[in-house]
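Visitor: give me the fold of what follows.
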Amino acid sequence: MDKISIIIPVYHVQEYIGRCLESILLQTYSNFEVLCVEDGPGDKSGEICERYARQDNRIRVFHPERGGVGHARNYALSRMEGEWFAFLDGDDWIEPEYLEILYRNAREKNCEISACAFQRNDTYCLGHETIKEEPEIYSGGRECIHAYICPEHSLYGMVWNKLYRRDVFGDIRFDTKIRVNEDCLYTQQVMERCSRACVTDMQLYHWFYRKDSACHSRKTEPDFTPAEVFLTLYEKNRKWEDAEADRRLKRNYVLYVVKILMYGGCKRGNREAEEAVKRSREWFPEIRETLNRKEKCKVLAVLKFWGLL
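Guide: As a prediction, this is how the structure comes out:
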């Protein structure tokens, strides 16, 4: 039975990290290690992790200098011992069968990545639905990339609903210059290399939705790096000639530009903002039908403010 390394970046999650670790200790698959990497002091999260480590030697805690979530994950990737690895955020939790099912699917289907569906929760709960018993299989870079970009599949761009084979992906690292949507660039590298992946529709991962998380915090000045991630992915994936994936990436880019401008303030004279809005105006007709009414209204409001309607 292979060892699985579970990597948890820890930062300001003292209210949630205990719940996260308890869900790991309840796993029906027992051959695992947990690497908790505290991304700088700030609350009692690190102390809580240390307390759990004293009670269970499968848990290891590290306290490097603060460098962001990508740095914390990279730190653990360089120190993990498992043949497989998985990421878990410190405010999320997993179903008791999470590791067992993902590992079994990976072995039975001869896959390098095994993924699951997830639930978005704002309160703690357990339990999941299953529609299909058999996991979906994706073969080769083009299929895997399409499956993580397009929303009808459960691979998604997040790193945390997946189990990865170390000898295939263990050398891939996060871009530490990016603090939001860093998952997407990492997943892109992984999917380009993946020859076979499977995904079950069992909702075994619980994503705890917090409005105070990094991706929902208001900024005083616009930072277009999260949107530029999708622009980078669009350029990288044009070689696949996948119109649906291209349209999805354009949609994500436009919605992030709108979000950034509305959160950071729509200020004229910012060249980066002007270029982003012009590109959004160019792509808007193509993605318009993929937007709901609220999203359309926001895009139109920003375009009108910038004099592009």
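Visitor: which SS state does Ala86 fall under?
Guide: What DSSP: H, G, I helix; E, B strand; the rest coil gives for Ala86 is strand.
Visitor: wait, what's in contact with it?
Guide: Shown in contact with Ala86 (C-beta atoms under 8 Å, 6 or more residues apart in numbering): Ile4, Ser5, Ile6, Ile7, Leu99, Leu102, Trp160, Lys162, Leu163, Tyr164. (Glycine included, C-beta is placed from N, CA and C.)
Visitor: beta-bridge partners for it, please?
Guide: Beta-bridge pairing of Ala86 under DSSP bridges involves Ile6, Leu163.
Visitor: for this structure, give me the ranges with low pLDDT.
Guide: Within the chain, the ranges that satisfy pLDDT under 70 run 123-124, 126-133, 153-154, 211-222, 264-269.
Visitor: residue ranges of the helices in it, please?
Guide: 17-25, 45-55, 69-77, 98-108, 140-149, 166-169, 182-193, 225-237, 243-264, 271-287, 293-305 (DSSP state H).
Visitor: how's this structure carved up into domains?
Guide: 4-214, 218-305 (automatic domain parsing).
Visitor: now flag whichever of the contacts of Ala86 is closest to Lys296.
Guide: Trp160 (30.4 Å; C-beta to C-beta).
Visitor: which non-adjacent residue is nearest the closest one?
Guide: Phe87 (4.6 Å; C-beta to C-beta, 6 or more residues apart in numbering).
Visitor: what's the local residue count around that neighbour?
Guide: A total of 24 residues lie near Phe87 under the criterion other C-beta atoms under 10 Å.
Visitor: who touches it in this structure?
Guide: Ile6, Ile7, Ile8, Arg73, Val159, Trp160, Lys162.
Visitor: as CSV, those with distance to Ala106 and neighbour count would be great.
Guide: Below are the contacts of Phe87 laid out as CSV (distance: C-beta to C-beta, whole Å; neighbours: other C-beta atoms under 10 Å):
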residue, distance to Ala106, neighbour count
Ile6, 15, 27
Ile7, 17, 25
Ile8, 21, 27
Arg73, 20, 25
Val159, 16, 21
Trp160, 16, 18
Lys162, 10, 25
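Visitor: just flag the most distant two among the residues you listed.
Guide: Ile8 and Lys162 (14.6 Å).
Visitor: the longest strand along the chain vs helix 182-193, what angle?
Guide: If you go by DSSP state E, the chain has its longest strand at strand 196-208. Relative orientation of strand 196-208 versus helix 182-193 (axes from the mean of the first three to the mean of the last three C-alpha atoms, to 10 degrees): 170 degrees.
Visitor: and which of the contacts of Ala86 is nearest Ala227?
Guide: Nearest to Ala227 among those, counting by C-beta to C-beta, is Trp160 at 21.7 Å.
Visitor: so Ile149 sits against Asn237, correct?
Guide: Yes. At 7.3 Å, Ile149 counts as touching Asn237 under the criterion of C-beta atoms under 8 Å.
Visitor: among the helices of the chain, which is the most enclosed?
Guide: helix 69-77 (a mean of 22; mean count of other C-beta atoms under 10 Å).
Visitor: contacts for it?
Guide: Taking C-beta under 8 Å, 6+ apart as the rule, helix 69-77 contacts 5, 7-11, 35, 37-39, 62, 64, 67, 85, 87, 159, 170, 173-176, 178-179, 182, 186, 214.
Visitor: roughly how far apart are Glu241 and Arg142?
Guide: 9 Å (C-beta to C-beta, to the nearest Å).
Visitor: er, Gly40 I mean
Guide: Relative to Arg142, and taking C-beta to C-beta, Gly40 is found at 40 Å.
Visitor: again with Gly170
Guide: Relative to Arg142, and taking C-beta to C-beta, Gly170 is found at 23 Å.
Visitor: one more: Ala106?
Guide: Here the criterion is C-beta to C-beta. By it, Ala106 lies 21 Å from Arg142.
Visitor: before we move on, what about Phe118?
Guide: Distance from Phe118 to Arg142, by C-beta to C-beta: 24 Å.
Visitor: Ile7 too?
Guide: Counting by C-beta to C-beta, the gap from Ile7 to Arg142 is 28 Å.
Visitor: try Glu286
Guide: Distance of Glu286 to Arg142, given as C-beta to C-beta: 21 Å.
Visitor: good, wrapping up.
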